[in-house]
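1. After the sequence you'll find the predicted model.
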Amino acid sequence: MWPKNPAGGLHANEESAKHLVGLVDKMLRSLSKGLGLEEATLRDAVGGGDLVFLLKINYYSPWPRPRPDLALGVVAHTDMSAITILVPSLQVFKDGHWFDAKYVPDAIIVHIGDQIEILSNGDYKSVLHRTTVNKEKARMSWPVFCYPPGETVVGPLPQLMSDDAPAKYKTKKYKDYAYCKLNKIPQ
């Protein structure tokens, strides 16, 4: 049934969005500092105040068939975003093995996406991850993808390149990068 006062829900969404924008800003500033750059560098490179936030809601029904550990909700991939914020229910690939991201109450999971890997010229790595299904219970996830506006040009930051560290990635508009990734066209 539709709530009698949906405006209250809208206020909660606006408050959550405000906190999320602040959190992403802090993370981008910290990541910039970690590269030895000015705090605003990565934030500005991914669109600054025009950074796009996209919430996606995923529902995974129970998988009672034999070997639910072999059923994937989403196959292994990296996100084409700059940063992804999500609730638990995924596995990450590290050192040749898949690991469950453990649930920690009142915490969120943040991972680096392709755009930060490109901007950092590979100093930061996009997280290879996948989601799995559960044999007994349904599961939901709510990732928020933070990515540049389509016309934003993204490539390795000049401050991170040198004769010893040439560009590892092509510079292109984000919309062209996304088109190639979605259509499995080599970058």
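-> Ah, there it is.
2. where does Val75 sit relative to Met161, distance-wise?
-> As for Val75, its distance to Met161 is 33 Å (criterion: C-beta to C-beta, to the nearest Å). Any C-beta I mention is one placed from the backbone N, CA and C, and that applies to glycine too.
3. wait, I meant Gly47
-> For Gly47 relative to Met161 (C-beta to C-beta), the value is 21 Å.
4. So for the two, which residue has more residues nearby?
-> Gly47 (20 against 14; other C-beta atoms under 10 Å).
5. For that one, give me its contacts.
-> 148-149, 152 (C-beta atoms under 8 Å, 6 or more residues apart in numbering).
6. ok, for it, nearest residue in space, not its chain neighbours?
-> Using C-beta to C-beta, 6 or more residues apart in numbering and skipping the chain neighbours, the partner closest in space to Gly47 is Pro148 (4.3 Å).
7. Does the one you found touch Met80 like I think?
-> No - with contacts counted by C-beta atoms under 8 Å, Pro148 stays clear of Met80, the gap being 10.0 Å.
8. Now do Phe145 against Lys170, distance only.
-> 21 Å.
9. what about the two, which has more around it?
-> A side-by-side neighbour count of Phe145 and Lys170, using other C-beta under 10 Å, places Phe145 first with 18 against 13.
10. Spatially nearest residue to that one (excluding sequence neighbours)?
-> Per C-beta to C-beta, 6+ apart, closest to Phe145 is Ser81, 4.1 Å.
11. And Lys181, by the same measure?
-> Closest to Lys181 by C-beta to C-beta, 6+ apart is Met80, at 4.9 Å.
12. would the one you found count as being in a strand?
-> No - Met80 is assigned coil when assessed by DSSP: H, G, I helix; E, B strand; the rest coil, not a strand.
13. who's more crowded, Pro148 and Met80?
-> Between Pro148 and Met80, counted using other C-beta under 10 Å, Pro148 has the larger neighbour count: 24 against 19.
14. Could you pick out the longest helix of this protein?
-> helix 6-34 (DSSP state H).
15. buried stuff in that one?
-> Neighbour counts using 16 or more other C-beta atoms under 10 Å place 20, 23-25, 27-29, 31-32 of helix 6-34 among the buried residues.
16. Which residue ranges of this protein form helices?
-> 6-34, 41-45, 114-119, 174-182.
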